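1. Structure, please.
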Amino acid sequence: MELNTRGRYAVMALADIAKFADGNSVPLSAISERQQISLAYLEQIFLLLRRAGLVKSERGRTGGYRLARDPADINVAEIMKAAEEPTRMTRCLEGGEGCLGEERCLTHNLWAALGEHIALFLKDVSLQDVADGDPAKKLPVRLGTAAGVTATQ
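-> Below you'll find the model as predicted:
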């Protein structure tokens, strides 16, 4: 699965607010500079995030955006959904159409199960986890302990 930039940037921008807001609104220009994301692209993303009720905008000299809820109460899956970022792992469409015309490919169920696992993980990871730098604590098995695999292998 490869996520497009809209979903990744939405998570990055909201994590930036969670980390740097300190109770204040954060201007998009500050997020743009810190995260190296185009200001015009951030404006498009924040329109979606505001419509989804994840951020509130404030006008004026100290205006910008703030989170609509505590970062511990916002999960990454919500952000991805607001950014209209699918997490589908197969080529199959929702209406039951198969990967190979009318049929499903041999690995369809594998990729569908992986997609469900990713969706559950993203629901379990809060924006606060991301801002704190440790979303891996939400994994059922931490990297380095599963089947003898380490992060350096």
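
2. other SSEs contacting the lowest-mean-pLDDT helix or strand in the chain?
-> Across the helices and strands of the chain, mean pLDDT, DSSP states H and E gives its lowest value to helix 108-124, namely a mean of 85. Here helix 108-124 touches helix 76-82, going by 3 or more C-beta pairs under 8 Å, 6 or more residues apart in numbering; DSSP states H and E. C-beta coordinates here come from the backbone N, C-alpha and C atoms, glycine included.

3. Identify all contacting residues around the helix it packs on.
-> With C-beta atoms under 8 Å, 6 or more residues apart in numbering as the test, helix 76-82 has contacts from 3, 7, 10-11, 14, 48-49, 51-52, 54, 87, 119, 122-123, 125-127, 130, 135.

4. burial count for Ala37?
-> That one is not Ala; residue 37 is Ile. 20 (other C-beta atoms under 10 Å).

5. if I look at it, how far off is Val26?
-> 13 Å (C-beta to C-beta, to the nearest Å).
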